[in-house]
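Visitor: got a predicted model here, sequence first, then my questions.
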Amino acid sequence: DDADVVRAADRIVLPGVGSYRACAEGLRGLPHMVEAMTERVHVGGAPFLGICVGMQLLATRGLEHGITEGLDWIGGEVQLIERTDPAIKVPHMGWNDVSPGLHDPSSGLIEPGEAYFLHSYHFAVDDGQAVAAMTDHGGGLVAAVAKDNVVGVQFHPEKSQAYGLSLLSRFLEWKP
């Protein structure tokens, strides 16, 4: 909650649990925090990892509880997962595959494996080049995004056992 600490950080992790609107308002409620993050990441080049709603906040806007502006670091919109099959449950909760795409903008940070997901909204990315990985939950959902020194994951590495610990270790060594 200290913008000066963020301005000096070697790496930044933005976790998020709850609704898009509440997380966005909470982040903006911290004096100078968005400016400090933007400066450190986009000017200073610090690697950034957004987790769950922390990833979703990278979008242009979110539609949970009305329209809420995001950071707009990766263009797109956070929308409710649409059930195309009655057997598919929303929220998407539990273990699911993470499948990196042929084009991986995270430079190998996201590896194939199984991770723990818990979300009812998904990131509909404007530019497919920013999609680092997908998962299948009644259709494709973005599991990870990346652009330059920014990466975000929809799943929870902290709940994903060895797979998640491995991702966090790679992030600590990542030199985008």
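Guide: Yes, it's here.

Visitor: would you map the strands across the chain?
Guide: Using DSSP state E, the strands of the chain run over 12-14, 48-51, 61-62, 68-69, 76-80, 92-100, 113-119, 121-125, 131-136, 140-147, 150-153.

Visitor: so how far is the third one from its chain's centroid?
Guide: So that's strand 61-62. Distance, stretch centre to chain centre, for strand 61-62: 13 Å (Cα atoms, centre = their mean, to the nearest Å).

Visitor: what sits against the residue nearest to the spatial centre of the chain?
Guide: Most central in the chain under Cα atoms, centre = their mean is Met55, positioned 1.9 Å from the mean C-alpha point. Going by Cβ atoms under 8 Å, 6 or more residues apart in numbering, Met55 touches 16, 123, 144-145, 152-154. The C-beta positions use only the backbone N, C-alpha and C, and glycine is treated the same way.

Visitor: out of the strands of the chain, the one nearest Arg40 is which?
Guide: strand 12-14 (6.4 Å; Cβ to Cβ).

Visitor: so what strands line up beside the closest one?
Guide: In the sheet, strand 12-14 lines up against strand 48-51 (parallel) (DSSP bridges).

Visitor: in the partner strand, which residues are buried?
Guide: The neighbour-count check on strand 48-51 (16 or more other Cβ atoms under 10 Å) flags 48-51 as buried.
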